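Colleague: whatever this is, show me its structure:
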Amino acid sequence: MPTPHIECEKGMISKNVIMPGDPLRAKFIAEHFLTDVKMVNQVRNCLAYTGKYKGKEVTVFSSGMGIPSMGIYAYELYQFYDVEKIIRVGSCGTFKEDIHLFDLILVSSSVSESTFGQVFSGSREEQVYGSSTLNQKIKEVGKSLNKNIYEGNVYCSEAFYSMMKEKSSLIEKYQCLSVEMESFALFHIANALHKEASCLLTVSDSMVTNEETSSEEREKGFTDMIEVALESILF
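Modeller: Numbering: from 1, shown residues only. Below you'll find the predicted structure:
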């Protein structure tokens, strides 16, 4: 039962999915954190691996970049492969002076001007929420591992580059901690299909200080976020 974007058969993907955007980050997670690993997708190089973390089956599946790409993979995983939980693990740029590179942010809600919700389900809402149950597990795991996790709203942008001089009014309206590009689609689809979704981010850039991480650091250096996400699926 392959889909246009996923080549494996039903049953080869776990009900619990860790979802980085970068395919190479998915490969890194699979090789360094999982056992009994098997590649289950390489269509369009959106790499996916199913293996075990401390004895529990988990799939690491890359989403690619942006709302449309996340929309494709989240929908197919939930709808056709019976996935129940997706935790996005990604990077973000922070708007806050007191939040620094490599800090963790747990997304309570994602806000965007995107018309994705309207096209997908007729919804015009500009704010969508992650799973409170799954978020609570992530917070508990973070505390048990002594990882400091900020929690709040994030702005989900459709444009990485912008010619607009002014930032989106939604950032101030919702007191957004950071910006990224995928959570709005993930949360909207999860809520529409009555599934669970969370988004845990590592700060890769500061919009205040203009500090930034390297591409290699973004691929391999976000181990705190990865560990918290994997531990959270054990419960």
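Colleague: residues touching residue 34, list them.
Modeller: 49, 51, 52, 53, 58, 60 (CB atoms under 8 Å, 6 or more residues apart in numbering). For the C-beta atoms, the positions are set from N, CA and C on the backbone; glycine is no exception.
Colleague: ok, so what distance separates it from residue 231?
Modeller: From residue 34 across to residue 231, the span is 13 Å (CB to CB, to the nearest Å).
Colleague: give me the residue at the spatial middle of this protein.
Modeller: In the chain, the residue lying closest to the centroid (CA atoms, centre = their mean) is residue 88, at 2.0 Å.
Colleague: hey, what's that residue bridged with?
Modeller: On the basis of DSSP bridges, residue 88 is bridged to residue 19, residue 199.
Colleague: which residues touch it?
Modeller: Here residue 88 is in contact with 19, 20, 21, 63, 70, 182, 183, 186, 197, 198, 199, 200 (CB under 8 Å, 6+ apart).
Colleague: give me the contacts around stretch 162-170.
Modeller: With CB under 8 Å, 6+ apart as the criterion, stretch 162-170 contacts 111, 112, 113, 126, 155, 157, 176.
Colleague: so the third one sits right up against residue 155, yeah?
Modeller: No. When contacts are counted by CB atoms under 8 Å, residue 113 is not listed as touching residue 155 (9.4 Å).
Colleague: so where do the strands sit in the protein?
Modeller: Remark: strands assigned in the chain by DSSP state E are 16-20, 35-41, 48-53, 56-61, 85-94, 104-111, 127-129, 149-156, 178-180, 196-206.
Colleague: show me what the first one is packed up against.
Modeller: Think strand 16-20. Identification of packing neighbours for strand 16-20 by 3 or more CB pairs under 8 Å, 6 or more residues apart in numbering; DSSP states H and E yields helix 23-33, strand 56-61, helix 67-80, strand 85-94, helix 223-232.
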